[in-house]
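Engineer: below are the sequence and a predicted model; questions follow.
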There are 2 protein chains.
Amino acid sequence: MALRHAVLAALLDVELSGYQLAKSFDLGVANFWYAQPQQLYAELTRLERDGLIAGREVVQDARPNKRLFRVTEAGLAELEDFTAASAKPPFIRDDLLVKVQAADDVDLGALIAQLDERASIAAAKIDLFGQLLRGMRGERTEEEFLRHGDRIGPYLTCMRGLAFEQGNRDWCERAIAVLTERRRAHTRA
Amino acid sequence: MALRHAVLAALLDVELSGYQLAKSFDLGVANFWYAQPQQLYAELTRLERDGLIAGREVVQDARPNKRLFRVTEAGLAELEDFTAASAKPPFIRDDLLVKVQAADDVDLGALIAQLDERASIAAAKIDLFGQLLRGMRGERTEEEFLRHGDRIGPYLTCMRGLAFEQGNRDWCERAIAVLTERRRAHTRA
DNA sequence: TGTGACTAGTCAATTTTATGACTACCATGG
DNA sequence: CCATGGTAGTCATAAAATTGACTAGTCACA
């Protein structure tokens, strides 16, 4: 019952098709949730069945028709309820952390390579989030935008995404430095 | 196939029972993975069946007997393989972010309350991680420990956990400030 | 003398996520 | 003219995670 609300939140400002939604959730831009296309289509079906969203067919030529969805009154009410209920704290579940946890017992070269890869993925995302944020605030400074802009929700979640990736990158770099130094010391001994 | 390796990594340095493992994974200290007891018991059963861990019965009086598990050679090899394979990037999946994404369309009071709650949960975790880190490095400075300590894996993952929670807290506080200001401006208008 | 909390688990059912394959049709490049 | 890639989706299955209940003994506390 969580993806449900993520979809509702995503459809608040824009009318989207399943496909468009899938792209923003699946690839990259999922700044506040992540899900795969199949999951989204299934959820959209359920949401429409429950009357929380309404779809309309858009006929296109030169490409397949699509169904655009928007949130209904009932959907908004549902989101309202969801917001009032208390959220369970999030947890980290990251393969890379598992690998680092085992750092003292596995091949350091392989581990460092993984950390490197992750650091550059994080760097790419940092870039992406930076662009998104600039795009949203336009000419205004961040202060200005946060004070007077409309639709700051997406901006705030994007800020969190940015900070998360910065944390990722910084930690990766630190871990690489530490592990590299230890490997050097070890091979020398 | 992911919890699998997390369990292996957790059992590298200590022999633990399912119950002990469950406590560290479930409540609080899960600095590198999260899972519930039932899931862990199931995974331990599978791991033992596959020969990646070995259990031994420990008879206790005054409390139920328990089975302590340790990683076997095969288990270590499995972890080694896992480390070499590339890790998929992690994603955020947080109810609170969904709520904030919808910030422009829901009751700000409720949302701010949620952010407040989250900020204090994060603060508590920051405390906990700080204690864990101090406990691990003992008398040494962090630099010292990371250079020469044995078992830095858990220390590094704990550092990530700490940074994550700091990120959480900072973001919550920022969001609270922004939303409070907007609410003030709005109710005045 | 009972009540709740802690140790140490197990069982079953359900929900949520993930994986992979598959249909169409159009446009573009080579 | 044929392969590739994008749009717009569907179907089925497998794996992982969550939820809730249940056993059984010990300890402390009131």
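Structural biologist: Thanks, I have it. Numbering: from 1, shown residues only, chains lettered A, B, ... in the order given.

Engineer: show me which residues of chain A sit near DNA strand D.
Structural biologist: Listed as neighbours of DNA strand D in chain A under the rule CB under 7 Å from any atom of the strand: A:17-20, A:23, A:37-38, A:41, A:45, A:60, A:63-67, A:93. Placement of C-beta: from N, CA and C, glycine included.

Engineer: recalculate using a threshold of 10 Å.
Structural biologist: With the criterion set to CB under 10 Å from any atom of the strand, chain A comes near DNA strand D through A:1-2, A:16-23, A:27, A:36-42, A:44-45, A:55, A:57-58, A:60, A:62-69, A:88, A:90-91, A:93.

Engineer: mark which of these are buried, thanks.
Structural biologist: Buried members of the residues of chain A next to DNA strand D, scored by 16 or more other CB atoms under 10 Å in any protein chain shown, are A:16-18, A:20-23, A:40, A:44, A:55, A:66-69, A:90-91, A:93.

Engineer: against DNA strand C, which of those residues make the cut? List them.
Structural biologist: A:40, A:93.

Engineer: can you tell me if the one helix or strand A:L79 maps to touches DNA strand C.
Structural biologist: Mapping A:L79 onto the secondary structure by DSSP states H and E places it in helix A:73-84. No. If you take CB under 10 Å from any atom of the strand as the test, helix A:73-84 misses DNA strand C, and the best it gets is 12.3 Å.

Engineer: domain boundaries for chain A, per the record?
Structural biologist: Annotated domains of chain A cover A:3-84, A:95-188 [automatic domain parsing].

Engineer: among the residues of chain A next to DNA strand D, which are in helices?
Structural biologist: Counting by DSSP state H, the part of these found in helices is A:18-23, A:37-42, A:44-45.

Engineer: with mean pLDDT added, can I get the domains of chain A in JSON lines?
Structural biologist: Formatted as JSON lines, those follow (pLDDT from 0 to 100):
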{"stretch": "domain A:3-84", "mean pLDDT": "93"}
{"stretch": "domain A:95-188", "mean pLDDT": "96"}
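
Engineer: please identify which of the ones you listed is closest to B:L156.
Structural biologist: For the domains of chain A, distance to B:L156 was read as CB to CB. The smallest value, 5.1 Å, belongs to domain A:95-188.

Engineer: what's the span of the closest one, first residue to last?
Structural biologist: With CA to CA, to the nearest Å as the measure, domain A:95-188 spans 30 Å from end to end.

Engineer: and it, how far out from the chain middle?
Structural biologist: 13 Å (CA atoms, centre = their mean, to the nearest Å).

Engineer: A:A87: what's it in contact with?
Structural biologist: B:94-96, B:99, B:114, B:117-118 (CB atoms under 8 Å, 6 or more residues apart in numbering or on different chains).

Engineer: what ranges do the strands span in chain A?
Structural biologist: Under the criterion DSSP state E, strands of chain A are mapped to A:16-17, A:53-58, A:66-71.

Engineer: pull the most distant pair out of the contacts of A:A87.
Structural biologist: Across the contacts of A:A87, the longest distance by CB to CB is 13.1 Å; it joins B:D94 and B:E117.

Engineer: the two: who's more crowded?
Structural biologist: B:D94 (23 against 15; other CB atoms under 10 Å in any protein chain shown).

Engineer: give me phi/psi at that one?
Structural biologist: Main-chain dihedrals, B:D94, degrees, to the nearest 10: phi -130, psi 120.

Engineer: pull out the buried residues from the top helix by length along chain A.
Structural biologist: Ranked by number of residues, the top helix in chain A under DSSP H is helix A:153-188. Buried positions in helix A:153-188, judged by neighbour count with 16+ other CB under 10 Å: A:153-169, A:171-172, A:174-176, A:178-179, A:182.

Engineer: can you list the residues of chain A near DNA strand C?
Structural biologist: Taking CB under 10 Å from any atom of the strand as the criterion, chain A approaches DNA strand C at residues A:1-4, A:6, A:25-26, A:33-43, A:46, A:60-64, A:93.

Engineer: go back to these and keep what's next to chain B.
Structural biologist: By CB under 8 Å from any CB of the partner chain, the members of those lying near chain B are A:2, A:6, A:33-34, A:93.

Engineer: quick check: the farthest pair among those residues?
Structural biologist: So, these by CB to CB: farthest apart are A:A6 and A:R93, at 17.2 Å.

Engineer: possible to save the strands of chain A as JSON lines with distance to B:L108?
Structural biologist: Shown next, in JSON lines, are those (distance: least, CB to CB, whole Å):
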{"stretch": "strand A:16-17", "distance to B:L108": "25"}
{"stretch": "strand A:53-58", "distance to B:L108": "23"}
{"stretch": "strand A:66-71", "distance to B:L108": "18"}
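
Engineer: and the ones you listed: which comes nearest B:G75?
Structural biologist: Comparing those by CB to CB, strand A:16-17 comes nearest, at 45.9 Å.

Engineer: ok now the closest one, how far from the chain's centre?
Structural biologist: Worked out by CA atoms, centre = their mean, strand A:16-17 lies 18 Å from the chain centre.
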